[in-house]
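Colleague: What would the 3D arrangement of this be:
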Amino acid sequence: MVSKAMSEIQATASELEGIAEVTRLVERENPLVRLTLGDHEVELPPSLVALITAGAGALGQGSALTLMREEAEVSPAEAAKLLGVSRQYVDRLVAKGVLPVRRMPHSQYRKIPARSVLAHLAVKQSKREGLASILDAAEQAGLHY
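Modeller: Below is the predicted model of the structure:
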């Protein structure tokens with residue numbers, strides 16, 4: 001999916017070895033990374049090195065990455081993809097007021113703040129993890145459900 005708000009990146013199989021090498025080098029060396037472009041050499045700021053390291057780790061494991069500006073707005077279809085649900089479910093979340101929406105002027109198109117979508121995703125994941133820990137504790141205590 002390519003939009004102004006989001007960019008999806010996935011490594012090809014032929015890139016995995018290079019990604020693994022970058023990850024090894026950055027982890028082994030100090031966070032000082034220099035990049036040479038033609039005749040120019042530049043030192044990358046730590047925040048950019050952290051982004052590259054995190055991205056390389058995820059790409060190296062075969063995951064796709066989605067980059068998004070913090071202030072970005074996404075369509076209901078993009079929100080659905082981020083949440084791993086249907087667009088119709090996103091419509092229900094909007095109707096219930098769980099996700100705020102902004103209507104585009106003179107249009108039926110709607111935009112949802114990406115920050116709200118990601119916050120909803122974090123809550124959803126937190127609930128899932130909480131339920132899993134409760135079930136684990138019950139199992140360890142010998143309680144069967």
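
Colleague: and the gap between the spatially most central residue of the chain and Val94?
Modeller: The residue lying closest to the centre of the chain (C-alpha atoms, centre = their mean) is Thr66, at 5.2 Å. To Val94, Thr66 is 21 Å away according to C-beta to C-beta, to the nearest Å. Backbone N, C-alpha and C define where each C-beta goes, glycine included.

Colleague: quick one, what contacts Leu48?
Modeller: By C-beta atoms under 8 Å, 6 or more residues apart in numbering, the contact set of Leu48 is empty.

Colleague: Which of the helices or strands spans it?
Modeller: Per DSSP states H and E, Leu48 falls inside helix 46-60.

Colleague: Could I get the buried residue list for the next helix-or-strand element following that helix?
Modeller: For helix 46-60, the following helix or strand on the C-terminal side (DSSP H and E) is strand 65-68. Neighbour-count burial for strand 65-68 flags Met68 (criterion: 16 or more other C-beta atoms under 10 Å).

Colleague: Give me the residues contacting the helix or strand following strand 65-68.
Modeller: Later in the chain than strand 65-68, the nearest helix or strand by DSSP H and E is strand 73-74. Contacts with strand 73-74, where a contact means C-beta under 8 Å, 6+ apart, come from Ser3, Ala5, Met6, Met68, Leu82, Arg102, Lys111, Ile112, Pro113, Ala114, Val117.

Colleague: And Ser7, its phi and psi?
Modeller: phi -130, psi 120 (degrees, to the nearest 10).
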